[in-house]
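here is a sequence with its predicted model. Questions after.
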Amino acid sequence: MLRFLALTPADQVTIDKIECNRVTKKYDAIVIGGGHNGLTNAAYLAKAGLEVLVLEKNPYIGGATVSRELHEGWKYSNCSYVCSLLRPEITRDLELPRHGLQVIPYGGSVTFCQNGDYFGDYPDHGRQYREIARHSVRDADAYERYSADVMKQTRLIRPFLMRTPPDPTSLKLRDLKEMRVLAKAFAELGEEGLADTLKFWTMSIGDYLDGYFETDVLKAHLAGSGIIGTALGVYSPGTAYVLLHHYMGDVDGTVGAWGFARGGMGAIADALAAALQSYGGEIKRDAEVGQIIVKDGVTRGVALTNGDELYADIVVSNLDPKRTFLKIMDAKDLPEDIIHKAKNFKIRGSSGKLNIALDGLPTFNGIPKNSPLLRCDMHILDSLERMEKAYDDWKAETWSKDPYVDMLIPTQVDPTMAPPGKHMMTVFVQYAPPKINGGEWTDDDRDAFGNNVIEQIAKYSPDFKDLILHCEVRTPREIEDEVGLTEGNIFMGELTFDQLLFNRPFPGYAQYRGPVPGMYMCGSGTHPGGGVMAAPGANAAREILLDLKRPNTVPAGYPDD
Amino acid sequence: MRQHDETMLLQTPFHSRIAKACELNQWDDWKGYTTPHVYTEVEQEYFAIRNSTGVFDLTPMMKYRITGPDAEAYLNKLLTRDIRKIGVGRVAYAVWCDDAGQVMDDGTVFHLGENDYRLCAYNRVMDWMMWSAMGFDVTIEDETADVAALAVQGPTSCSVLKAMGFEGIENLKAFGIRTYAFDGVILMVSRTGFTGDLGYELWIDPDKAELLWDRLFDAGKNFGIRAIGGAALELARIEAGFLQAGIDFVAAEHAVRMGRSRSPFELGLEWLVSFDKPIFNGRRALLEEKKNGSRYRFVYLDVEGNKPAEHSFIMKGSKVIGTVTSAAWCPTAKSNLAFAQVESKYGNVGEVLVAEIYYQRELQWTRVLASCTVIEKVIFNPPRRRQTPAADF
Ligand SMILES: Cc1cc2nc3c(=O)[nH]c(=O)nc-3n(C[C@H](O)[C@H](O)[C@H](O)COP(=O)(O)OP(=O)(O)OC[C@H]3O[C@@H](n4cnc5c(N)ncnc54)[C@H](O)[C@@H]3O)c2cc1C
């Protein structure tokens, strides 16, 4: 069903368009950005019967959820590389398996030590216990208490992932009701649980772990999840929550488990795109939006950087809050406060990434070739002190000279990403600052950063360097330029309490609605935040459909048991 | 005659290799054999089936060899399916019934040569086979212990067999059979399995079992090969929608209570009943049932939420109309699937029923009433399952 424009005087822009282009289709909704949240949002709007168009600046979709072949025969998960947060309600509801998505859980992790030893976090509980006990019996016992405490906190957050945060200052019935749900969840924790929650949301991961464990390498091993993608150190307040953010997902109901998307993370975006198209939605690639068109105080459409204009009364931005309000919206269309808020939004880049094609499976000091530990997350940095020093470099506006890495070789599990017997390695690096000594990253800086990481890995893997066939190095500069994540911040804004729940992205704007009628936000800069989760996109669709008085197509969250 | 037997549980010819790989030491008793329940982790073993290659020892499966001039005629009377349509070199799924038209077992028939068949069965059915053989010139042998068998299942299974040097294996069609020379004996490969995925079953002389295992795992090392236990297979077969004797139906001969056995119609297996054949066991009763209607209906249910509806009552309103026999959260299809048997007037495709699900967490039981929809087919059904030539992954 094509819908043509109504020729009212208010639609002067559109009349012009019709005159020069003959027929311009007006969409019900335009989504700016083909990241996984934009695609999810569009899929739910299309499922509700809206005519939806997604505009993506790159020749490929997915944003930070993408697989690309940069070396013949090898596929990389160029940005995000493992999957846990993706909401199972959405996967099932949009029939993503039918559209080609398969998520394969892997278990465990390992941290290499400078003294040649390692700490292996085995997926099997008995083995995990014995391994911690090898370092400290007391820590092995304390781990049970730690797991239960962390699980309590994930159980508090998980039910809110598929809900719109209430506005605590609003007297609307819906907000009051949602506040009550929130209050009830907190009350159920009891006094001690509540104290723990506050600790979790405000403490540093270092201090938190000091409350449980005595072994350096164990603490360093666990602390990694508290700093990934975050411009904070292990002793900075707020990092305990970041750890929780990495624990609150699940694969097939196993909370905290992570998996590989078969074919790389792009398989998620591809399946979402196929779902969107199955509902009649459209995607336009190589279509960079320069401006959201606002006329007489309401949203009218978008103008592309190539000059084309496209129209819809609903425009949804998948971009981060800074780009959305400071780049593709005109200040004169916006209330003053939101410009301030966008300027002050914390979205500091802190991470880099290497994607490496390998001629064979590298060996790692002291670890047998068929150990399950090679099939999971491998970390370097065996003490909180070294981690804090890595952060010191970030503060000094340079990359960590002794970097923390989270690396995996998914091709041991996924047969689709490299030729048989060959491998692909994904290396997430913490820290890399958005600017080097106050200046932009140069190509030389990028190469030096990459080499430093390769040397770091080579210290623990003697044959690693000889196996490298190709390497993609991504600093915050590449991440910002290619994906459009401001400063290269992987979560589209830091995950600190001042930017979470009803504060995400800003107080008063946490319900996905922008300051101009018809304008919405659906990216990771909104609740519940970054990661390949699809919840922001789905939640935003629910709000849009509510405003349009259309039946809701977005599923409710599964209750936790 | 065999020696007096003092062994509690037998071991299959692969046992030396299996015992080494079975890190968790979790074993099952399958028809008197020690078989692995889980080697290392159920999920990872399950995903070997769905993502790379899982290897399952199916030696304990009952295997009967049927030969003699009347072999075809005999099987055509024993089974409800028209066996004349199964050419040499082909395999077929089949059920057989007692005279009351109640299912005694299900299994696969391998047409190995002119009047030469192998029937694989879940139950031990020699007695019934002998009764049914009266008047036929056939020889029936239990060759369970004489044939070692491995299921090699998953998207890279064809790549593994190619790496073993089995030329042309990619062209073997689903339910087809081929033979290869292997260390001086004949290895039979059939494109069959119990996982609903691309997969093969390898049949060999038990003396060569260990060698086969070693060569297979060596060939598979770059294709994610992994030994899998009974728990992973169980999950895969539910996701694929396959019935399991003893779980989804009681063998007619074993049922003690009235009304506990089921006919093929009541198990959704009408397609296996060939009334064009003038005679087969249970024909009259089944014709009668077809005319008068069945008591029960077998349905697949897509259950809301993520709690498997294991052993649930199925209700219409407040009335209990059936029970669940198998249920699982299916990790590849991402669906919450249940097999149920309901009163025959219920269960049309699209009908919404309610599953009463109980589950326990930290010692407390919780009850959920989950709405569920009758679906025609299970969701898991990848094209690679039937695609020929078989894909590399
Ligand atoms: C290096 C890295 C590693 C990560 N690792 C993980 C991980 O392992 N697991 C995990 O769960 N999460 C991970 N994350 C986080 C996760 O990938 C992101 O939070 C998430 O993908 C963001 O999705 P999104 O849809 O909100 O935004 P994006 O993916 O950023 O999508 C925004 C889209 O908008 C497009 N765009 C930008 N500007 C314009 C414009 N003007 N016009 C049109 N289109 C435009 C972009 O090209 C992009 O496609 C990682 C992120 C990075 C960068």
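Great, that's in hand.

get me the contact residues on the stretch 401-550 of chain A for chain B.
A:412-416, A:420-421 (Cβ under 8 Å from any Cβ of the partner chain). Every residue, glycine included, has its C-beta placed from N, CA and C.

give me the number of residues near whatever residue of the stretch 201-350 of chain B ends up closest to the ligand?
As assessed by Cβ to the nearest ligand atom, the ligand sits closest to B:Lys334 within the stretch 201-350 of chain B, at 17.3 Å. Using other Cβ atoms under 10 Å in any protein chain shown, B:Lys334 is surrounded by 23 other residues.

got it, and the one 5 residues further on?
With neighbours defined by other Cβ under 10 Å, the count for B:Phe339 comes to 24.

that one: which element?
Following DSSP states H and E, one finds B:Phe339 within strand B:335-343.

that strand near chain A anywhere?
Yes: judged by Cβ under 8 Å from any Cβ, strand B:335-343 and chain A are in contact via B:Ser335.

before we move on, back to that, contacting residues for the residue of the stretch 201-350 of chain B closest to the ligand?
A:88, A:91-92, A:96-97 (Cβ atoms under 8 Å, 6 or more residues apart in numbering or on different chains).

ok, which of these also contact the ligand?
Filtering the contacts of B:Lys334 for proximity to the ligand by Cβ under 6 Å from any ligand atom leaves nothing.

of the residues you listed, closest to A:Asp207?
Proximity of the contacts of B:Lys334 to A:Asp207 (Cβ to Cβ) peaks at A:Pro88, which lies at 32.9 Å.

which parts of the stretch 51-200 of chain B sit against chain A?
Residues of the stretch 51-200 of chain B lying near chain A (Cβ under 8 Å from any Cβ): B:51-52, B:155-156, B:159.

quick check: phi and psi at the residue of the stretch 201-350 of chain B closest to the ligand.
Main-chain torsions, B:Lys334, degrees, to the nearest 10: phi 50, psi 50.

distance of it from A:Asp561?
18 Å (Cβ to Cβ, to the nearest Å).

same question, A:Thr111
Going from A:Thr111 to A:Asp561 by Cβ to Cβ gives 32 Å.

try A:Tyr81
A:Tyr81 is 30 Å from A:Asp561, where distance means Cβ to Cβ.

more neighbours, the two?
Neighbour comparison, A:Tyr81 and A:Asp561: the larger count goes to A:Tyr81, with 26 against 15 (by other Cβ under 10 Å).

ok, and the closest non-adjacent residue to that one?
Distances taken as Cβ to Cβ, 6 or more residues apart in numbering or on different chains put A:Thr426 closest to A:Tyr81, at 4.2 Å, once the chain neighbours are dropped.

what do you get for B:Thr325?
Using Cβ to Cβ, 6+ apart and skipping residues adjacent in sequence, the residue nearest B:Thr325 is B:Asp248, 4.5 Å away.

so the one you found touches B:Phe339, yeah?
Yes: counting by Cβ atoms under 8 Å, B:Asp248 does reach B:Phe339; the two are 5.9 Å apart.

intersection of neighbour lists for the two?
B:298, B:325-326.

list just the nearest of those residues to A:Ile468.
When the shared contacts of B:Asp248 and B:Phe339 are compared for distance to A:Ile468 (Cβ to Cβ), B:Ser326 wins out at 48.3 Å.

how near is the residue nearest to A:Met417 when sequence neighbours are not counted to the ligand?
Spatially, and ignoring its direct neighbours in sequence, A:Met417 is nearest to A:Lys75 (4.4 Å; Cβ to Cβ, 6+ apart). Note on A:Lys75: its distance to the ligand, by Cβ to the nearest ligand atom, to the nearest Å, is 15 Å.

neighbours of A:Lys75, how many?
Look at A:Lys75: counted by other Cβ under 10 Å, it has 23 neighbours.

hang on, it in a strand?
Yes: A:Lys75: assigned to a strand according to DSSP: H, G, I helix; E, B strand; the rest coil.

now the element after the host helix or strand of A:His221, going C-ward?
Element membership for A:His221, per DSSP H and E: helix A:216-227. Once the chain leaves helix A:216-227, the next helix or strand it forms, by DSSP H and E, is helix A:239-247.

buried residues in that following helix?
A:239-247 (16 or more other Cβ atoms under 10 Å in any protein chain shown).

contacting residues for A:Arg348?
A:Arg348 touches A:231, A:434, A:487, A:489, A:494, counting by Cβ under 8 Å, 6+ apart.

outside of the helix or strand hosting B:Leu301, which residues touch it?
Using DSSP H and E, B:Leu301 sits within strand B:296-303. Contacts to strand B:296-303, defined as Cβ under 8 Å, 6+ apart, come from residues B:241, B:248, B:262, B:266-268, B:309, B:314, B:322, B:324, B:327, B:335-344, B:346-347, B:353, B:355, B:357, B:370, B:372-379.

can I have the buried ones of these as a ChimeraX selection?
To isolate the buried ones among the contacts of strand B:296-303 in ChimeraX, judged by 16+ other Cβ under 10 Å, type:
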select /B:241,248,262,266,267,268,309,314,322,324,327,335,336,337,338,339,340,341,342,343,344,346,347,353,355,357,370,372,374,375,378,379
